[in-house]
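Enquirer: Got a sequence here, can you build the structure:
(one chain, ligands or ions: 3)
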Amino acid sequence: MGQCYGKAVTSGGDDDGVTTIVSSGGAGGGGSNENQQPQSPLPSSTVGNGRVDIPSVKNTPARSSATSQWPSPYPHGTASPYTQGAASPLPPGVSPSPARSTPRRFFRRPFPPPSPAKHIKASLAKRLGTANPKQGPIPEDGSEPGQQLNKSFGYSKNFGAKYELGKEVGRGHFGHTCSAKGKKGELKDQIVAVKIISKAKMTTAISIEDVRREVKILKALSGHQHLVKFHDACEDTNNIYIVMELCEGGELLDRILSRGGRYTEEDAKTIVMQILSVVAFCHLQGVVHRDLKPENFLFASKNEDADMKLIDFGLSDFIKPDDRLNDIVGSAYYVAPEVLHRSYSLEADIWSIGVITYILLCGSRPFWARTESGIFRAVLRADPNFDDLPWPSVSPEAKDFVKRLLNKDYRKRMTAAQALTHPWLRNENHPIPLDIFIYKIVKSYVLATPFKRAALKALSKALTEDELVYLRAQFMLLEPNTDGRVSLENFRSALAHNATDAMKESRVPDILNAMAPLSYRRMDFEEFCAAAISTHQLEALQAWEQIASTAFEYFEQEGNRAITVEELARELNLGPTAYLILKEWIRSSDGKLSLLGYTKFLHGVTIRSTNTRH
Ligand SMILES: Nc1ncnc2c1ncn2[C@@H]1O[C@H](COP(=O)(O)OP(=O)(O)OP(=O)(O)O)[C@@H](O)[C@H]1O
Ligand SMILES: [Ca+2]
Ligand SMILES: [Ca+2]
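Expert: Ligands and ions are numbered 1, 2, ... in the order given. The predicted structure is shown next:
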């Protein structure tokens with residue numbers, strides 16, 4: 001690897017190939033999911049930083065133009081082959097059904113891949129503030145004819161005077177990274193890393209905005225133990241230079257490979273906890289990373305127990321508490337189903353952590369195919385395999401953990417802070433971060449009807465110790481007053497304690513306005529539990545039926561009352577077409593909710609499950 005100066009970066013950004021890694025001896029016996037033909041072992045070559053790369057599908061006839069891009073931005077436009085089966089616009093979060101098992105032939109190992117991160121320019125209209133991106137096709141290149149691009153970022157212009165560039169230490173699709181030495185000031189004689197992004201490659205207003213945002217987010221979030229430390233941003237006529245802490249221990253991907261594809265459970269826990277800790281922090285700040293993968297976690301040093309640092313905020317974005325994003329970005333193997341459905345939020349990152357954890361524990365990817373379209377199909381429809389070796393020897397807690405991250409319904413997934421209290425990780429000695437999810441769910445509770453609140457109160461009484469661990473930790477983070485209660489002020493100050501510039505940008509504190517009813521009253525732990533539980537998450541538990549029936553017994557004692565169909569429809573915000581179904585939820589004997597009605601009422605009604613509006 002040579003000096004970094006003046007190096008033209010070979011662009012890989014428009015590379016359509018799904019790049020896979022196959023270690024020697026791991027490729028045999030694989031099969032193609034696309035045409036049901038056995039897959040022949042592919043020749044491998046070593047490129048870049050010692051990775052073994054196989055551009056497995058590039059230029060093969062199977063990849064028509066329709067499959068050479070990320071999914072078409074449906075619901076508008078022509079559905080591409082891999083979205084056809086799921087083309088009906090499902091309500092957000094509802095997985096296409098029925099899920100089927102991933103055939104064994106999907107699995108070969110060890111092969112965690114370097115995954116090309118791609119940007120679908122559906123974000124064009126959103127970022128430019130022009131048309132609604134869902135209203136029409138958007139030019140993929142995001143070009144704006146006749147518009148002069150302003151490539152001045154306002155960063156320091158004297159990079160050469162401040163730093164002396166050294167060797168290349170890494171390379172991605174958008175930039176290459178070199179080591180460098182500070183020449184003056186605080187960084188004098190300090191070795192740092194510099195990500196160099198060529199301005200020549202910024203051909204659209206969006207690509208310029210993307211780099212601006214990458215720097216803004218990195219700068220705002222810098223400071224967390226598991227996030228690469230930002231030092232400086234510079235620019236000259238040709239490049240942007242992002243100066244940051246040098247992580248000398250290499251990528252997580254390389255460590256996975258050097259261990260033959262997988263980690264022991266104990267070692268995997270250490271990795272996963274660090275990932276969850278930094279992602280919980282990003283999420284609290286209203287930042288969704290959107291490109292979590294083993295290539296984007298670096299070790300600070302070569303030590304076995306070195307801290308891991310999250311890098312590469314190139315695809316990250318700010319997201320307001322109630323917003324949903326619709327641009328399809330990320331890396332194919334790690335992309336969440338709801339991203340492909342073009343309506344997603346922070347939970348998409350959690351899915352990616354599920355994929356990473358799955359790989360750490362078994363050395364295989366949970367969703368695999370030879371083409372991107374095949375990967376997307378697997379992500380949308382297939383259930384990961386937990387039967388093959390080494391899964392039988394993996395602890396039930398670890399399996400449950402992964403399953404609760406890889407739930408296709410994003411509402412049922414654990415949050416990062418919740419995952420840190422999961423039995424698989426719980427015994428470890430680590431602090432639980434404040435969870436922005438608590439704010440969202442408590443907000444819904446304070447705005448809910450008294451009948452709904454009573455239903456939730458009964459549910460909270462049926463909670464198991466597992467759920468209470470998380471709720472207790474979150475309650476303590478709100479620093480209850482001497483009377484053991486919390487009010488809006490507690491929520492406000494807990495957020496303020498954790499605030500960074502990113503939080504302001506993503507308008508996270510706006511959520512406090514919607515929680516206004518809490519300014520007049522205080523909540524004890526019992527009520528907090530009712531306010532902070534998610535029916536959707538509980539439904540994902542094996543014990544759900546038991547929890548629901550115990551909760552119903554409480555509800556019968558306190559809360560259940562005679563209710564008319566009309567009233568119930570109003571509670572659920574439904575029209576008269578729903579009356580027929582709602583009637584089944586009410587007991588004819590006393591006009592109160594039945595057990596079925598109670599669980600349905602807790603769940604809330606999605607447009608699909610009512611199906612009565614037509
Ligand atoms: N702070 C750092 N210390 C050491 N190496 C780094 C650092 N930052 C980046 N690298 C190396 O440079 C590579 C490319 O960096 P990065 O992932 O930020 O670039 P990118 O062009 O956005 O990549 P991608 O193709 O994944 O989008 C990383 O995979 C890593 O190997
Ligand atoms: Ca990267
Ligand atoms: Ca990137």
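Enquirer: Show me what residue of the stretch 351-500 of the chain gets nearest to ligand 1.
Expert: Among all residues of the stretch 351-500 of the chain, residue 352 sits closest to ligand 1, at 13.0 Å; criterion: CB to the nearest ligand atom. The C-beta positions use only the backbone N, C-alpha and C, and glycine is treated the same way.
Enquirer: repeat for the stretch 301-450 of the chain
Expert: Of all residues in the stretch 301-450 of the chain, the one sitting closest to ligand 1 is residue 312 (3.6 Å; CB to the nearest ligand atom).
Enquirer: secondary structure class for that residue?
Expert: Of the three states, residue 312 takes coil according to DSSP: H, G, I helix; E, B strand; the rest coil.
Enquirer: Report pLDDT for it.
Expert: According to the prediction, residue 312 has pLDDT 96.
Enquirer: Which secondary structure elements does the longest helix anywhere in the chain sit against?
Expert: Secondary structure of the chain per DSSP state H: the longest helix is helix 265-284. In terms of contacts (3 or more CB pairs under 8 Å, 6 or more residues apart in numbering; DSSP states H and E), helix 265-284 is packed against strand 297-299, strand 308-310, helix 347-362, helix 416-419, helix 423-426.
Enquirer: What does the pLDDT read for the residue of the stretch 351-500 of the chain closest to ligand 1?
Expert: For residue 352, the predicted pLDDT is 98.
Enquirer: show me where pLDDT drops low in the stretch 151-300 of the chain?
Expert: Within the stretch 151-300 of the chain, no stretch has pLDDT under 70.
Enquirer: So whichever residue of the chain sits closest to ligand 3 versus residue 604, what's the distance?
Expert: Closest residue of the chain to ligand 3, CB to the ion: residue 314 (3.0 Å). From residue 314 across to residue 604, the span is 36 Å (CB to CB, to the nearest Å).
Enquirer: which one of these two has more residues nearby?
Expert: residue 314 (25 against 15; other CB atoms under 10 Å).
Enquirer: Look up how far residue 320 lies from the residue of the chain closest to ligand 3.
Expert: 21 Å.
Enquirer: likewise residue 182?
Expert: As judged by CB to CB, residue 182 and residue 320 stand 37 Å apart.
Enquirer: do the same with residue 487
Expert: Counting by CB to CB - residue 487 and residue 320 are separated by 24 Å.
Enquirer: what's the answer for residue 173, then?
Expert: For residue 173 relative to residue 320 (CB to CB), the value is 28 Å.
Enquirer: Between those two, point out the one with more neighbours.
Expert: Remark: of residue 173 and residue 320, residue 173 carries more neighbours, 18 against 14, as counted by other CB under 10 Å.
Enquirer: Over to residue 255. Which of the three states is it?
Expert: With three-state DSSP as the criterion, residue 255 reads helix.
Enquirer: just residue 181 next, same as before
Expert: strand.
Enquirer: so how many other residues sit close to residue 496?
Expert: Residues lying near residue 496 (other CB under 10 Å) number 11.
Enquirer: and it, that one's in a strand?
Expert: No - looking at residue 496 with three-state DSSP, it is helix, so not inside a strand.
Enquirer: Leaving out the residues flanking it, which one is nearest to it?
Expert: In space, and not counting its chain neighbours, residue 496 is closest to residue 509: 8.0 Å by CB to CB, 6 or more residues apart in numbering.
Enquirer: hang on, the earlier thing: any chance of a markdown table for the helices and strands packed on helix 265-284, columns mean neighbour count and distance to ligand 2?
Expert: Below are the helices and strands packed on helix 265-284 laid out as a markdown table (neighbours: other CB atoms under 10 Å; distance: least, CB to the ion, whole Å):
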| stretch | mean neighbour count | distance to ligand 2 |
| --- | --- | --- |
| strand 297-299 | 24 | 10 |
| strand 308-310 | 24 | 10 |
| helix 347-362 | 26 | 13 |
| helix 416-419 | 26 | 20 |
| helix 423-426 | 18 | 26 |
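Enquirer: Same list (those) but as JSON lines, adding distance to residue 289.
Expert: Output for the helices and strands packed on helix 265-284, formatted as JSON lines (distance: least, CB to CB, whole Å):
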{"stretch": "strand 297-299", "distance to residue 289": "11"}
{"stretch": "strand 308-310", "distance to residue 289": "7"}
{"stretch": "helix 347-362", "distance to residue 289": "5"}
{"stretch": "helix 416-419", "distance to residue 289": "11"}
{"stretch": "helix 423-426", "distance to residue 289": "20"}
